[in-house]
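**Q** Make a model of this:
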Amino acid sequence: MIPGSRETETMKRIKILTLALIVLSVIRAQVGVASTIDQVQSHFQAASEFVRQERYDDAIHEFREVIKVATDQESIEGALYWIGQCYQRQGKWDGAREAFEELIAKYPNSELVPLAKIFLSQISAK
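**A** Below is the predicted model:
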(Lines give C-alpha, C1' and ligand atoms only; values in the text may rest on other atoms or scores of the structure.)
Protein backbone atom coordinates (compact mmCIF):
# COMPACT_ATOMS: atom_id res chain seq x y z
CA MET A 1 0.00 0.00 0.00
CA ILE A 2 1.31 3.44 -0.88
CA PRO A 3 1.68 5.71 2.15
CA GLY A 4 -1.04 8.31 2.23
CA SER A 5 -3.20 6.53 -0.36
CA ARG A 6 -5.78 5.59 2.24
CA GLU A 7 -6.12 9.23 3.23
CA THR A 8 -6.50 10.17 -0.42
CA GLU A 9 -9.30 7.61 -0.90
CA THR A 10 -11.01 8.91 2.23
CA MET A 11 -10.75 12.48 0.98
CA LYS A 12 -12.26 11.45 -2.36
CA ARG A 13 -15.17 9.79 -0.58
CA ILE A 14 -15.73 12.85 1.57
CA LYS A 15 -15.73 15.09 -1.50
CA ILE A 16 -18.21 12.82 -3.29
CA LEU A 17 -20.50 12.67 -0.25
CA THR A 18 -20.30 16.45 0.18
CA LEU A 19 -21.18 16.98 -3.47
CA ALA A 20 -24.08 14.54 -3.17
CA LEU A 21 -25.42 16.42 -0.14
CA ILE A 22 -25.19 19.72 -1.99
CA VAL A 23 -27.08 18.29 -4.97
CA LEU A 24 -29.77 16.87 -2.68
CA SER A 25 -30.12 20.25 -0.94
CA VAL A 26 -30.59 22.01 -4.26
CA ILE A 27 -33.19 19.48 -5.37
CA ARG A 28 -35.08 19.81 -2.08
CA ALA A 29 -35.03 23.60 -2.37
CA GLN A 30 -36.41 23.46 -5.92
CA VAL A 31 -39.15 21.05 -4.88
CA GLY A 32 -39.95 23.30 -1.93
CA VAL A 33 -40.27 26.34 -4.19
CA ALA A 34 -42.59 24.48 -6.56
CA SER A 35 -44.64 23.30 -3.60
CA THR A 36 -44.88 26.85 -2.22
CA ILE A 37 -46.00 28.21 -5.59
CA ASP A 38 -48.66 25.50 -5.79
CA GLN A 39 -49.86 26.35 -2.27
CA VAL A 40 -50.05 30.07 -3.05
CA GLN A 41 -52.00 29.40 -6.25
CA SER A 42 -54.34 27.00 -4.46
CA HIS A 43 -55.09 29.51 -1.68
CA PHE A 44 -55.58 32.35 -4.18
CA GLN A 45 -57.99 30.23 -6.23
CA ALA A 46 -59.97 29.25 -3.16
CA ALA A 47 -60.06 32.85 -1.94
CA SER A 48 -61.18 34.11 -5.35
CA GLU A 49 -64.02 31.60 -5.39
CA PHE A 50 -65.07 32.67 -1.89
CA VAL A 51 -65.06 36.34 -2.97
CA ARG A 52 -67.22 35.42 -5.96
CA GLN A 53 -69.62 33.66 -3.58
CA GLU A 54 -69.50 36.66 -1.20
CA ARG A 55 -68.08 34.40 1.54
CA TYR A 56 -65.70 37.10 2.65
CA ASP A 57 -64.58 35.64 5.97
CA ASP A 58 -63.56 32.43 4.21
CA ALA A 59 -61.78 34.48 1.55
CA ILE A 60 -59.91 36.46 4.21
CA HIS A 61 -58.79 33.19 5.79
CA GLU A 62 -57.42 31.95 2.45
CA PHE A 63 -55.67 35.27 1.75
CA ARG A 64 -54.03 35.07 5.18
CA GLU A 65 -52.80 31.59 4.24
CA VAL A 66 -51.25 33.12 1.12
CA ILE A 67 -49.35 35.56 3.34
CA LYS A 68 -48.11 32.67 5.51
CA VAL A 69 -46.77 30.53 2.66
CA ALA A 70 -45.83 33.03 -0.05
CA THR A 71 -42.20 33.86 -0.58
CA ASP A 72 -42.76 36.47 -3.26
CA GLN A 73 -43.72 40.04 -2.45
CA GLU A 74 -46.31 40.33 -5.22
CA SER A 75 -48.47 37.54 -3.76
CA ILE A 76 -48.31 39.05 -0.29
CA GLU A 77 -49.22 42.49 -1.65
CA GLY A 78 -52.18 41.03 -3.52
CA ALA A 79 -53.38 39.12 -0.48
CA LEU A 80 -53.24 42.24 1.72
CA TYR A 81 -55.12 44.23 -0.90
CA TRP A 82 -57.85 41.61 -1.17
CA ILE A 83 -58.14 41.28 2.60
CA GLY A 84 -58.85 45.01 2.65
CA GLN A 85 -61.38 44.59 -0.15
CA CYS A 86 -63.16 41.76 1.67
CA TYR A 87 -63.44 43.76 4.87
CA GLN A 88 -64.63 46.79 2.95
CA ARG A 89 -67.31 44.78 1.15
CA GLN A 90 -68.59 43.64 4.54
CA GLY A 91 -68.58 47.17 5.91
CA LYS A 92 -65.87 46.21 8.42
CA TRP A 93 -64.01 49.48 8.09
CA ASP A 94 -61.39 48.91 10.79
CA GLY A 95 -60.27 45.63 9.23
CA ALA A 96 -60.16 47.20 5.78
CA ARG A 97 -58.18 50.16 7.07
CA GLU A 98 -55.65 47.90 8.80
CA ALA A 99 -55.10 45.78 5.69
CA PHE A 100 -54.69 48.77 3.36
CA GLU A 101 -52.41 50.57 5.82
CA GLU A 102 -50.27 47.45 6.21
CA LEU A 103 -49.95 47.18 2.43
CA ILE A 104 -48.90 50.83 2.16
CA ALA A 105 -46.47 50.64 5.11
CA LYS A 106 -44.76 47.38 4.14
CA TYR A 107 -44.78 47.78 0.35
CA PRO A 108 -44.79 51.52 -0.42
CA ASN A 109 -43.65 50.93 -4.01
CA SER A 110 -46.36 48.40 -4.78
CA GLU A 111 -48.55 49.01 -7.80
CA LEU A 112 -51.51 48.42 -5.46
CA VAL A 113 -50.69 51.35 -3.16
CA PRO A 114 -52.59 53.96 -5.22
CA LEU A 115 -55.72 51.79 -5.09
CA ALA A 116 -55.26 51.17 -1.37
CA LYS A 117 -55.00 54.92 -0.82
CA ILE A 118 -58.22 55.51 -2.77
CA PHE A 119 -60.04 52.94 -0.66
CA LEU A 120 -58.58 54.43 2.53
CA SER A 121 -59.91 57.84 1.57
CA GLN A 122 -63.35 56.30 0.94
CA ILE A 123 -63.23 54.57 4.33
CA SER A 124 -62.25 57.82 6.04
CA ALA A 125 -65.29 59.51 4.50
CA LYS A 126 -67.60 57.03 6.24
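**Q** Next one: K68 from D57, what distance?
**A** From K68 across to D57, the span is 17 Å (C-beta to C-beta, to the nearest Å). Heads up, the C-betas are built off the backbone N, CA and C, glycines and all.
**Q** and the next element down the chain from the worst-scoring helix or strand of the chain on mean pLDDT?
**A** Scoring the helices and strands of the chain by mean pLDDT, DSSP states H and E places helix 5-52 at the bottom, with a mean of 70. Next along the chain after helix 5-52, taking DSSP states H and E as the criterion, comes helix 56-69.
**Q** same for that next one, what does it pack against?
**A** helix 5-52, helix 73-90 (3 or more C-beta pairs under 8 Å, 6 or more residues apart in numbering; DSSP states H and E).
**Q** Next, name the residue at the spatial heart of the chain.
**A** The residue lying closest to the centre of the chain (C-alpha atoms, centre = their mean) is A70, at 1.3 Å.
**Q** List the residues that contact it.
**A** T36, V40, I76, A79 (C-beta atoms under 8 Å, 6 or more residues apart in numbering).
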